[in-house]
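Novice: Sequence first, then the predicted structure, then my questions.
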Amino acid sequence: MFTALYPSFVLVKHDLLTPDVNRQLAEIAIEDGARHRVVDNADPRNLGTADSPFGHIRHNLLFEYRGEPAVDAWLGLARRGVAEYLQRGYGAEMPESLTAIAEPFVQEGAHPENCVGIFTHTHPKADLVVTYYPQVCFGERGPERFQDGALRFYDPAGRGNRIWPNQNPGIFTGSWYEVRPRTGTLVVFEGHMPHDAQPFKGVRRVCLPLQVSLRFPNAQNPIEIGGSSHGL
């Protein structure tokens, strides 16, 4: 018997929505991100400091845009991605109920403070993360290596390459697993996986991540015990 212990998977799919839907999604993400950007360190919504490109959006886009045709098309795509991930990775069926937080991240050449990339992090409260890229535009120069906004996944143990050859195409053993998104790319992975994003040098890179919780019967169900609640 040969058993994989505690596996991690990354599902990547391309060219899934129409150009018109992608355009609408990008416009929504750009508008929402600009309107809810945290620019004051004293803002209670701030995560870290306001100059951090990772902490300046603290707003769930779904509160305002659920029901928009483009957003519903994107959410339908995300649900199918979750179902495929669970089935291919674990032979599991998707639960009837999912909850999600969507915080858009927009990188633009006109705003270089957003193009430095995103430091290595995890999403410890999310069962799965479903990231979609409705727009990735590099301009006439095209993508530049190490500045193309690649999404990179790391082995938490930091082992990297083995000394023996790896001829198994279904297993990755390098220093990091790299996904170079383009317009229409969907990526699904588990929230505990360390990942980052390279710096981006181009016109615009729009990322729409969903932090997804799976509501199986054996899932813990939190309840509000004081103060105000703004969750889904």
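Specialist: All right, it came through fine.
Novice: Pairing partners for the helix or strand of the chain with the lowest mean pLDDT, with directions?
Specialist: One helix or strand of the chain scores below all others by mean pLDDT, DSSP states H and E: strand 118-121, with a mean of 85. The pairing partners recorded for strand 118-121 under DSSP bridges are strand 195-197 (antiparallel).
Novice: Identify the bridge partners of residue 130.
Specialist: Applying DSSP bridges, one finds that residue 130 bridges with residue 188, residue 210.
Novice: That one - how many residues pack around it?
Specialist: 27 (other Cβ atoms under 10 Å). For every residue, glycine as well, the C-beta is placed using N, CA and C.
Novice: ok, now how distant is it from residue 104?
Specialist: 13 Å (Cβ to Cβ, to the nearest Å).
Novice: what do you get for residue 80?
Specialist: 21 Å.
Novice: who's in contact with the residue nearest to residue 137 when sequence neighbours are not counted?
Specialist: In space, residue 137 comes closest to residue 203 once its chain neighbours are excluded; the distance is 4.2 Å by Cβ to Cβ, 6 or more residues apart in numbering. Contacts here follow Cβ atoms under 8 Å, 6 or more residues apart in numbering; on that basis residue 203 touches 108, 109, 137, 138, 139.
Novice: How far off centre is the host helix or strand of residue 207?
Specialist: Using DSSP states H and E, residue 207 maps to strand 204-214. Relative to its chain's centre, strand 204-214 lies at 4 Å (Cα atoms, centre = their mean, to the nearest Å).
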